[in-house]
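*Asks:* generate coordinates for the sequence data below:
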Amino acid sequence: MIEKTEKEIMKNWQGDISNPVVSICCITYNHEQYISEAINSFLMQETNFPFEIVIGEDCSTDNTRKIVEKYKEMYPNIIKLIVSENNVGAQANLQRTMEACIGEYIAGCEGDDYWTDKNKLQIQKDFLENNKNISLVFTPAKQIQDGKKDFIRNEYNIKQIGKIDTAWVIKKGGGFYPSCSVMIRKELFDNLPNWFYKHSTGDYPLAILASLKGKIAYLNECTSVYRSQPNSVSHIKESDEKIEQKCKNNIEFFEMLKNNNTIDEKLKKEMIKKEIYMKISKTKKWGTIDLFKIGLKNMIKLILKELTK
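*Replies:* Numbering: from 1, shown residues only. Below is the predicted model:
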């Protein structure tokens with residue numbers, strides 16, 4: 001447990017403590033080895049505004065729930081616990097936990113990741129307040145793989161701050177930012193479009209939604225640690241059937257987006273390119289080729305060749 005008391009954490013808060021400015025959204029399932037490190041990194045945050053920690057505990061089969069309940073007892077005015085008697089799954093758990101957040105801004109971090117910068121919330125909240133055109137901000141994060149903290153996920157530079165738009169997001173795909181480093185505006189989730197929950201992962205539609213309602217910004221200061229688990233979805237080598245199903249889901253997702261009135265013709269062209277990529281990728285023959293390097297015309301030729309067999 002962190003040594004700070006609830007009173008010590010709240011000593012510099014300005015305003016009504018029952019009206020948090022930032023909500024920390026944390027979903028967890030079977031994270032008994034890691035959840036304390038995550039919560040402690042939330043509680044170490046030094047801010048001049050109230051924040052809340054909203055934890056969605058998805059009926060873990062280990063001691064995760066006992067651990068988060070203990071924290072809830074110690075920090076009753078800061079921690080909000082969302083539980084159920086049955087496992088609802090990652091997407092549904094994320095949805096209900098996000099809906100329980102009442103802050104103006106939401107910072108995400110799953111139960112097996114954690115933060116390293118005690119000023120993370122203050123820096124990102126101040127940045128969003130001073131840049132009204134930015135809807136989502138993220139930072140690099142160190143990655144722990146096979147128990148070793150090795151490299152920083154950082155593909156960006158200072159020139160890209162404020163230049164990440166929807167076309168860039170569609171081209172880049174999901175997972176271009178460490179989800180544990182993100183802060184977003186809560187207003188993004190008012191009147192969500194019907195396509196938002198239609199994707200198999202949450203980061204891609206979130207990035208598209210954020211880019212449609214503003215710009216995405218990158219701050220070049222590492223704030224977080226992302227844990228790549230050996231049994232996680234991103235770590236396991238997927239079967240051909242799963243790869244094919246994922247590509248099919250992506251194609252259906254882009255079909256929905258193309259029919260959305262908020263998407264202009266330029267963005268639709270980017271989606272068509274991405275859809276062609278997915279259609280080739282879901283065939284076992286072309287699944288590993290670097291399709292973006294061969295060009296759009298060659299992609300189309302390959303599809304036509306496959307269809308005429």
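
*Asks:* next, the buried residues of stretch 77-88.
*Replies:* 78-82 (16 or more other Cβ atoms under 10 Å). All C-beta atoms are positioned from the backbone trio N, CA, C, and that covers glycine.

*Asks:* measure it end to end?
*Replies:* Terminal residues of stretch 77-88 are spaced 26 Å apart (Cα to Cα, to the nearest Å).

*Asks:* now stretch 190-207
*Replies:* 15 Å.

*Asks:* the nearest residue to residue 20 once chain neighbours are set aside bridge partners, please.
*Replies:* Nearest non-adjacent residue to residue 20, counting by Cβ to Cβ, 6 or more residues apart in numbering: residue 52, 4.1 Å away. Taking DSSP bridges, one finds residue 23 as the beta-bridge partners of residue 52.

*Asks:* for burial, what's the neighbour tally of residue 52?
*Replies:* When neighbours are defined as other Cβ atoms under 10 Å, residue 52 has 23 of them.

*Asks:* residues in contact with it?
*Replies:* Applying Cβ atoms under 8 Å, 6 or more residues apart in numbering, we find residue 52 in contact with 20, 22-24, 78-80, 101-103.

*Asks:* from the residues you listed, keep the buried residues only.
*Replies:* Of the contacts of residue 52, these count as buried by 16+ other Cβ under 10 Å: 20, 22-24, 78-80, 101, 103.

*Asks:* run through the stretch 1-150 of the chain and note the low-pLDDT ranges.
*Replies:* Applying pLDDT under 70 to the stretch 1-150 of the chain picks out residues 1, 146-150.

*Asks:* related to what we said a few turns ago, list just the nearest of the contacts of residue 52 to residue 90.
*Replies:* Closest approach between those and residue 90, by Cβ to Cβ: residue 101, at 16.8 Å.

*Asks:* which non-adjacent residue is nearest residue 143?
*Replies:* residue 226 is the one closest to residue 143 (Cβ to Cβ, 6+ apart), at 5.0 Å.

*Asks:* quick one: the one you found is in a strand?
*Replies:* Yes: per DSSP: H, G, I helix; E, B strand; the rest coil, residue 226 lies within a strand segment.

*Asks:* tally of neighbours for it?
*Replies:* Neighbours around residue 226, by other Cβ under 10 Å: 22.

*Asks:* and for residue 218?
*Replies:* 23.

*Asks:* check what pLDDT it gets.
*Replies:* We note a pLDDT of 88 for residue 218 in this prediction.

*Asks:* domain parsing for the protein?
*Replies:* The chain is divided into the following domains under automatic domain parsing: 6-228, 240-307.

*Asks:* can you give me the strands in the stretch 51-200 of the chain?
*Replies:* 51-57, 79-82, 105-108, 114-115, 134-138, 141-145, 148-153, 183-185 (DSSP state E, counting those that start in this stretch).

*Asks:* CSV for those strands, including distance to residue 33?
*Replies:* Shown next, in CSV, are the strands of the stretch 51-200 of the chain (distance: least, Cβ to Cβ, whole Å):
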stretch, distance to residue 33
strand 51-57, 15
strand 79-82, 19
strand 105-108, 20
strand 114-115, 12
strand 134-138, 26
strand 141-145, 12
strand 148-153, 15
strand 183-185, 26
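
*Asks:* to residue 171, which of those strands lies closest?
*Replies:* Here strand 134-138 is closest among those (Cβ to Cβ), at 16.9 Å.

*Asks:* and that closest one, which strands flank it?
*Replies:* strand 183-185 (antiparallel), strand 215-218 (parallel).

*Asks:* thank you, goodbye.
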